[in-house]
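Colleague: Got a predicted structure here, sequence first:
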Amino acid sequence: QVQLVESGGGPVQAGDSLRISCAASGLTFSTNAMGWFRQAPEKEREFVAAISWNHITTYYADSVKGRFTISRVNAKNTVYLQMNNLKPEDTAVYYCAAHDAAQTMAELGRVNYWGKGTLVTVSS
């Protein structure tokens, strides 16, 4: 049974930094691309960032490029999202995701597995 468990969300102020994590189990983590999506209140879920299985390739939504960094530690079956200079519009539930290919996740939004999400609230 595949499980993706997010952690690290919470309330922060605009301009703050926050790192959220996703611990994976039940899948061969080192061969899966991993990603983050988010869903703000009354909005559709959207792609945020993705990273290839070998760390080489990353993809970012334009809205977070230059502020967010995705990384992974295959030995720990964990993927991270470092979020800097947070803005109120970054407020959302952040979901961890896994798929065969990072590019497919980024460009088509295709995901094989989802986590349950962690809430990030940014106040002004």
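Modeller: Good, I have the coordinates. These figures come from a predicted structure and were not determined experimentally. Numbers count the residues shown, from 1 in each chain.

Colleague: What is the neighbour count of Glu46?
Modeller: Residues within reach of Glu46, counting by other Cβ atoms under 10 Å, total 13. (Glycine included, C-beta is placed from N, CA and C.)

Colleague: What separation is there between it and Ala97?
Modeller: 12 Å (Cβ to Cβ, to the nearest Å).

Colleague: Quickly list what's touching both of these two.
Modeller: Counting by Cβ atoms under 8 Å, 6 or more residues apart in numbering, the common neighbours of Glu46 and Ala97 are Phe37.

Colleague: For the nearest residue to Leu27 once chain neighbours are set aside, which residues are in contact?
Modeller: Nearest residue to Leu27, sequence neighbours excluded (Cβ to Cβ, 6 or more residues apart in numbering): Val2, at 4.8 Å. Contact analysis of Val2 by Cβ under 8 Å, 6+ apart lists Ala24, Ser25, Gly26, Leu27, Ala98, Tyr113.

Colleague: By mean pLDDT, which helix or strand of this protein comes out lowest?
Modeller: Sorting the helices and strands of the chain by mean pLDDT, DSSP states H and E puts helix 102-108 at the bottom, at a mean of 94.

Colleague: got the contact list for it?
Modeller: 33-35, 47, 50-53, 57-59, 97, 99, 110-111.

Colleague: Listing partners with orientation, what would you give for the helix or strand following that helix?
Modeller: Using DSSP states H and E, the helix or strand that follows helix 102-108 in sequence is strand 113-114. When pairing is defined by DSSP bridges, strand 113-114 lines up against strand 92-99 (antiparallel).

Colleague: hmm, who's touching the partner strand?
Modeller: 2, 4-6, 9, 20, 22, 24, 27, 32-41, 43, 45, 48, 50, 79, 81, 105, 110-120.

Colleague: Try it again at 7 Å.
Modeller: With Cβ atoms under 7 Å, 6 or more residues apart in numbering as the test, strand 92-99 has contacts from 4, 6, 9, 20, 22, 24, 27, 32-40, 79, 81, 105, 110-115, 117-120.

Colleague: need the contact list for Arg110.
Modeller: His99, Thr104.
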